[in-house]
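Peer 1: take a look and give me a structure for this.
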Amino acid sequence: MPSSDALKQDLLATHEGFRKLYEEHRDCETRLAALTQKSLPSQEDEAEEKRLKVHKLALKDRMEAILREARESRISA
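Peer 2: Predicted coordinates for the structure are as follows:
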């Protein structure tokens with residue numbers, strides 16, 4: 001049985017939907033890092049930070065669901 005990291009790498013290489021979610025998640029992390037570097041964030045920055053955190057969590061949940069499906073399909077195969 002492949003490790004979780006190996007399965008993730010396999011999905012990144014073969015599953016376009018997973019790859020798009022992963023890239024969007026990474027983009028959210030980059031934007032969040034930029035926002036947290038600001039010494040005086042505006043109200044808009046704080047609202048965007050909150051929105052990005054919620055969106056990033058939703059992306060992670062969707063990626064986890066794809067990983068779980070892939071894991072289950074490999075076990076039953």
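
Peer 1: elements contacting the top helix by length along the chain?
Peer 2: Using DSSP state H, we find that the single longest helix of the chain is helix 43-76. Of the remaining helices and strands, those touching helix 43-76 by 3 or more CB pairs under 8 Å, 6 or more residues apart in numbering; DSSP states H and E are helix 4-14, helix 16-36. Bear in mind the C-beta positions are built from the backbone N, C-alpha and C, glycine included.

Peer 1: please convert those helices to a markdown table, extending it with distance to Arg62.
Peer 2: Shown next, in a markdown table, are those (distance: least, CB to CB, whole Å):
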| stretch | distance to Arg62 |
| --- | --- |
| helix 4-14 | 12 |
| helix 16-36 | 5 |
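
Peer 1: mean pLDDT for those: which is lowest?
Peer 2: Per-stretch mean pLDDT for the helices and strands packed on helix 43-76 is lowest at helix 4-14 (a mean of 94).

Peer 1: centre-most residue in the protein?
Peer 2: For the chain, the residue nearest the mean C-alpha position is His25 (3.6 Å; CA atoms, centre = their mean).

Peer 1: list the contacts of it.
Peer 2: Listed by CB atoms under 8 Å, 6 or more residues apart in numbering, the contact set of His25 reads Lys56, Leu59, Lys60, Met63.

Peer 1: drop anything exposed from these.
Peer 2: The neighbour-count criterion (16 or more other CB atoms under 10 Å) marks Lys56, Leu59, Met63 among those as buried.
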